[in-house]
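# this is a predicted model, with the sequence first.
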Amino acid sequence: MSLFFVKYQGTGNDFVMIDNRSGEWDDLSISTIQKLCDRRFGVGADGLIKINSISGYDFEVDYYNSDGSKSFCGNGARCSVAFAHELGIIKDHVSFMAIDGVHEAVKKGSLVFLKMNDVSEIDVSHKEFVLNTGSPHFIHFTENVADFDIVSYGKQIRYSDTYKQEGINVNAIHQLDSHSFEIKTYERGVEDETLSCGTGVTAAAIALGEKNLIVGEFEYAVKSQGGNLAVRFTRENSKFTNIWLIGPAEVVFKGETNV
Ligand SMILES: N[C@@H](CCC[C@H](N)C(=O)O)C(=O)O
């Protein structure tokens, strides 16, 4: 069968996007998803997203990592909003369903503003922070992101006794000044470094907000390995609300392949 797709990227986190509003690709198998994401035998991507129809919302984001496992993907959700805009499903404001619940988003020019769920549970042990922003994240503070071996360190944490069953995404971050930081991420489900991770960037901003005891509204500029993002939030009594992930989402190419 012939499958039409559009390849998108958000700060270098890349996705095969499929318009599945008709339900035609409901039964896409895990092995087909793995093959489509394979960088040698397929289209090549960190993940695959089906845009499904759902009543009460503009669409549903059905996200798969390149190994076929499911979670919530911040950059993928931003790319889904850009794709839905391109398909003419939405105008500038949108409300969509995802694995972690309902999200609101706004498309302004080349930027997509994505509202994330509130966060109130942050596990702080030693110097590391663990929290869930739709996907689980481990945040490690380092002095030198450029030379940090995120693949070795990420594998060590992700396959440790604590996390080997469910897996975890691992981020190394360094605060550059009062309003910015740099980040590298190892993603579970890709089992490698990706150039950017939206839920990771959001989790890191929240960890820094907690560490720095920020009060009220705040915004961090974020330098990920594949480009720049921003995270806005409000922190009151250690609860984070009004969390927005902001960044570009762009088409790479369109194509057709047999599955
Ligand atoms: N790249 C994503 C995160 C995708 C999910 C993650 N790999 C997991 O399985 O937890 C993002 O932009 O948030």
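Looks like it arrived, so ask away.

# list the contacts of I206.
119, 122, 131, 133, 231, 233, 240, 243 (Cβ atoms under 8 Å, 6 or more residues apart in numbering). For glycine as for every other residue, the C-beta is placed from the backbone atoms N, C-alpha and C.

# the first one - nearest residue in space that isn't next to it in sequence?
Spatially, and ignoring its direct neighbours in sequence, V119 is nearest to F240 (4.4 Å; Cβ to Cβ, 6 or more residues apart in numbering).

# which outside residues touch the helix or strand containing that neighbour?
Under the criterion of DSSP states H and E, F240 resides in strand 239-248. Residues from elsewhere that reach strand 239-248, judged by Cβ under 8 Å, 6+ apart: 10-11, 74-75, 78, 110-120, 133, 198, 201-202, 206, 209, 217, 227-234.

# rewinding a little: how near is the residue nearest to V119 to the ligand?
Distance of F240 to the ligand, given as Cβ to the nearest ligand atom, to the nearest Å: 16 Å.

# got the domain ranges for this protein?
Following automatic domain parsing, the chain resolves into domains at 2-114+249-258, 122-245.

# include mean pLDDT when you put those domains into JSON lines, please.
Output for the domains of the chain, formatted as JSON lines (pLDDT from 0 to 100):
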{"stretch": "domain 2-114+249-258", "mean pLDDT": "98"}
{"stretch": "domain 122-245", "mean pLDDT": "97"}
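
# just the CA atoms of stretch 54-72, as CSV, please.
Below are the C-alpha coordinates for stretch 54-72, written out as CSV (Å, rounded to 0.1, in the frame of the first residue of the first chain):
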residue,chain,number,x,y,z
ILE,A,54,-11.4,12.7,17.5
SER,A,55,-14.7,14.2,18.6
GLY,A,56,-14.6,17.3,20.7
TYR,A,57,-11.1,18.4,19.7
ASP,A,58,-9.4,19.6,16.5
PHE,A,59,-7.4,16.3,16.2
GLU,A,60,-5.5,13.7,18.2
VAL,A,61,-1.7,13.4,18.2
ASP,A,62,-0.8,9.7,18.2
TYR,A,63,3.0,9.7,18.8
TYR,A,64,5.5,6.8,18.5
ASN,A,65,9.2,6.8,19.2
SER,A,66,11.4,5.3,16.5
ASP,A,67,11.3,1.9,18.3
GLY,A,68,7.5,1.9,18.2
SER,A,69,6.9,2.7,21.9
LYS,A,70,4.4,5.5,22.8
SER,A,71,4.7,8.6,24.9
PHE,A,72,4.1,12.4,24.7
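
# ok, the contacts of I206 vs the ligand, which is closest?
T133 (7.7 Å; Cβ to the nearest ligand atom).

# if we can go back for a sec, how about the contacts of I206, which pair is most distant?
I122 and V231 (14.8 Å; Cβ to Cβ).

# neighbour count for those two, which is higher?
V231 (27 against 19; other Cβ atoms under 10 Å).

# burial of the closest residue to L229 other than its chain neighbours, as a residue count?
Spatial nearest neighbour of L229, chain neighbours left out: G247 (3.9 Å); criterion: Cβ to Cβ, 6+ apart. Using other Cβ under 10 Å, G247 is surrounded by 26 other residues.

# report the beta-bridge partner residues of G247.
V112 (DSSP bridges).

# follow-up on the earlier one: possible to save the contacts of I206 as CSV with secondary structure and distance to Y64?
Below are the contacts of I206 laid out as CSV (DSSP: H, G, I helix; E, B strand; the rest coil; distance: Cβ to Cβ, whole Å):
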residue, secondary structure, distance to Y64
V119, strand, 24
I122, strand, 27
L131, strand, 23
T133, coil, 18
V231, strand, 24
F233, strand, 28
F240, strand, 27
I243, strand, 24
